[in-house]
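Engineer: Structure for this input, please:
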Amino acid sequence: MILWVAAVGFAIGLAYFIIVPGQRAARVSSFVFWYAVPALVVLLAVWALRSSAERRIASALLLLSAIGSAFAAEALLRAFPQRVAGLSITTAVADSVCTGEFRNQAGCLAAAALGTPFDRRTTLEVVQDFEARGIEAWPSIDASHYSDPDNAIEIDGRVVVPLSPGIPEVLTVFCNESGSWVTYRADEYGFNNPAGSHRPGEIHVAIVGDSFVHGWCVPFEQTLVGRMREIDSSVIGVGLEGSGPLAQLGIEVEYVAPLRPAVVVWVFFEGNDLRDFSREMSDGVLARYLEPDFRQDLRALRQPLEQTLRDQILQLRKIEAARAELARKQREAARQRHRSVAGWIRLTELRHRLAKLGRSRDREHPYEPALFDQVASRMRDDVASWDGTLLFAYLPSRFRFEDPSTANPHRASILAQVSALGIPALDLFEVLSRHPDPLVLFPFRLESHVTAEGYDLMAQALNERIRELDRSSAADRIQAVEAE
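Structural biologist: Numbers count the residues shown, from 1 in each chain. As a prediction, this is how the structure comes out:
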């Protein structure tokens, strides 16, 4: 009876899964659960039914023990769930505690474990709340928005890739990693600086980079740029979240070169800049920045770009609102399935854990020295063309402090390559590692951006390194005059 029930039941289930597959084969683990396992059970049952009594008994006991063990494991995992950001809850339940965007859900869960408040609104909800109070507000823009072909912008018959993180001179809804939403009023080109910062001849230091230079995720006065401006108000930051070395080269060409600062700081983040670089190389416009004289003249295109971005974001808001409502319904349906008898039959918690087995914590870091050399050389030569100095700052990820084996494996190679190109460098890992507990420099000790204390330590080290470069440049000028 056991073998016949297994053969017929799993055969009917397999036939149903094949006829109405849905999304069951989207992942390897789903394919195994919905197709491979039922097929194996059917084959085992049919083989046993055609075998001796001893083999039928052994096969029936095997099926009973396997199925019983699976449901016992499901019950155990539900009774003693894993800790999700400090909370002993299942993954499905975690989403009901903090339903926000992927960028702030981990922090929200950590805050819930600590019993501290956390603003759980999404970016769209924050923007809408400002508008309900009669305040114009716009979200910041990630570099991935510009790399999406659906968001391509054409001006006067040519494709243009904007490199600023938002609409100029508006209240910008930025980010939330520590519990409170951070906003800022964008400068005349959409960057996170005080108004009127882009004045040629008045800037001593320009800092180029990704979201760390953009200021994730603290108020401006606590950002890297804000801290440095406390000592020298002629510092400007031109950071774009999600950007890599190629886009950062474009930012230097478009927005820094016209200012001709004495020092340009290139902040390279080991966590994802190489991945972003790999993506950027497939962009026909960005790849042209490796050409010595290429530029898009983005400063001159400010007005048409602003209008286009406004139109795009308004359209995306409608799409995002519909997507958020669909996601809410899907989350609720998933929670109901998890709690239901069907959720037990599906072994939802066990399958979720098994899907994680074998996943490597290694991050992809596609390092191509020849391409990196081109970007670094291009930026170095461009800065040198107005007698400026390029300073390379290597910024570590949290993984380097928690488990160095999972951090970017190319740190030594990149720093050696920069040194070989004659570019002064500052390894911020050495700066942050002097802290007695470096993980406290990251909100809730999670993989994210640094806290205000972390930015402060970085700013102090950069200011000192820049003073050294200034003294060296002054000494070189004196020697040149004496030689004449």
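
Engineer: Name the SS class of Glu349, please.
Structural biologist: Going by DSSP: H, G, I helix; E, B strand; the rest coil, the secondary structure assigned to Glu349 is helix.

Engineer: How many neighbouring residues does it have?
Structural biologist: By the criterion of other Cβ atoms under 10 Å, Glu349 has 22 neighbours. For glycine as for every other residue, the C-beta is placed from the backbone atoms N, C-alpha and C.

Engineer: Tell me how many other residues crowd the nearest residue to it once chain neighbours are set aside.
Structural biologist: Nearest residue to Glu349 in three dimensions, chain neighbours excluded: Leu77, at 4.4 Å (Cβ to Cβ, 6 or more residues apart in numbering). For Leu77, the neighbour count with other Cβ under 10 Å is 17.

Engineer: Assess the claim that Leu77 and Arg353 are in contact.
Structural biologist: Yes: Leu77 lies in contact with Arg353 (Cβ atoms under 8 Å); the separation is 6.4 Å.

Engineer: And the lowest mean pLDDT element among the helices and strands of the protein?
Structural biologist: Ranked by mean pLDDT, DSSP states H and E, the weakest helix or strand in the chain is strand 87-88, scoring a mean of 50.

Engineer: ok, now which ones touch Val383?
Structural biologist: With contact set as Cβ atoms under 8 Å, 6 or more residues apart in numbering, Val383 has these partners: Glu252, Val264, Thr389, Leu390.

Engineer: In which helix or strand does it reside?
Structural biologist: Using DSSP states H and E, Val383 falls within helix 369-384.

Engineer: Just want the angle from the helix or strand following that helix to helix 369-384.
Structural biologist: The first helix or strand that comes after helix 369-384 along the chain, using DSSP H and E, is strand 389-395. On the basis of axes from the mean of the first three to the mean of the last three Cα atoms, to 10 degrees, strand 389-395 is oriented at 140 degrees to helix 369-384.

Engineer: Mind naming the longest helix for the protein?
Structural biologist: The longest helix of the chain (DSSP state H) is helix 302-339.

Engineer: Verify the stated contact: Pro289 with Glu254.
Structural biologist: Residue 289: Tyr, not Pro. No: using Cβ under 8 Å, Tyr289 is not in contact with Glu254, being 9.1 Å away.

Engineer: more crowded one of the two?
Structural biologist: Tyr289 (29 against 22).

Engineer: now that one: how far from Pro245?
Structural biologist: 10 Å (Cβ to Cβ, to the nearest Å).

Engineer: One more: Arg310?
Structural biologist: As for Arg310, its distance to Pro245 is 29 Å (criterion: Cβ to Cβ).

Engineer: quick one, which of these two is more surrounded?
Structural biologist: Between Arg310 and Pro245, Pro245 has the larger neighbour count (other Cβ under 10 Å), namely 26 against 13.

Engineer: my read: that one touches Ser377, true?
Structural biologist: No: counting by Cβ under 8 Å, Pro245 sits too far from Ser377 to count as a contact (11.7 Å).

Engineer: ok now the helix holding Val383, how far from the chain's centre?
Structural biologist: Computed by Cα atoms, centre = their mean, to the nearest Å, the chain-centroid distance of helix 369-384 equals 25 Å.

Engineer: Ok, stretch 269-288 next?
Structural biologist: Taking mean C-alpha positions (Cα atoms, centre = their mean), stretch 269-288 and its chain are 14 Å apart.

Engineer: Can you give the contact residues for it?
Structural biologist: Here stretch 269-288 has contacts from 143, 147, 159-161, 209-212, 242-247, 250, 294, 296, 363-368, 371-372, 375, 394-400, 407-408, 410-411, 414, 447, using Cβ under 8 Å, 6+ apart.

Engineer: Ok, stretch 56-71 next?
Structural biologist: Identification of contacts with stretch 56-71 by Cβ under 8 Å, 6+ apart yields 2-3, 6, 41, 44-45, 47-49, 51, 344, 347, 350.

Engineer: Between all of those residues, which two are at the greatest distance?
Structural biologist: Ser51 and Trp344 (31.8 Å; Cβ to Cβ).

Engineer: Which of these two has more residues huddled nearby?
Structural biologist: For Ser51 versus Trp344, the count of surrounding residues by other Cβ under 10 Å is larger for Trp344: 16 against 13.

Engineer: Which helix or strand contains the more buried one?
Structural biologist: helix 341-345.

Engineer: so where's the stretch 101-250 of the chain uncertain?
Structural biologist: 101-103 (pLDDT under 70).

Engineer: all helices in it, in order from the N-terminus.
Structural biologist: 102-114, 123-132, 143-147, 211-214, 224-231, 245-251 (DSSP state H, counting those that start in this stretch).

Engineer: who's in contact with the residue nearest the centre of the chain?
Structural biologist: For the chain, Gly242 is the residue whose C-alpha lies nearest the centre (Cα atoms, centre = their mean; 6.7 Å). Counting by Cβ under 8 Å, 6+ apart, Gly242 touches Asp142, Ala143, Ser144, Asp210, Ser211, Asp276.

Engineer: Distance check, the residue nearest to Cys98 when sequence neighbours are not counted against Val8.
Structural biologist: Distance criterion Cβ to Cβ, 6+ apart; nearest residue to Cys98, sequence neighbours excluded, is Cys108 at 3.5 Å. Distance of Cys108 to Val8, given as Cβ to Cβ: 47 Å.

Engineer: ditto for Val182
Structural biologist: Taken as Cβ to Cβ, the span from Val182 to Val8 is 60 Å.

Engineer: again, but for Gly271
Structural biologist: On the measure of Cβ to Cβ, Gly271 and Val8 end up 53 Å apart.

Engineer: in the stretch 151-300 of the chain, which spans are strands?
Structural biologist: 153-155, 158-160, 171-175, 182-185, 205-209, 235-239, 263-269 (DSSP state E, counting those that start in this stretch).

Engineer: out of those strands, nearest to Pro304?
Structural biologist: The nearest among the strands of the stretch 151-300 of the chain, by Cβ to Cβ, is strand 153-155 at 5.2 Å.

Engineer: who does that closest one touch, helix- and strand-wise?
Structural biologist: strand 158-160, helix 302-339 (3 or more Cβ pairs under 8 Å, 6 or more residues apart in numbering; DSSP states H and E).

Engineer: what's around the residue nearest to Cys98, how many residues?
Structural biologist: 23.

Engineer: How about Gly388?
Structural biologist: 22.
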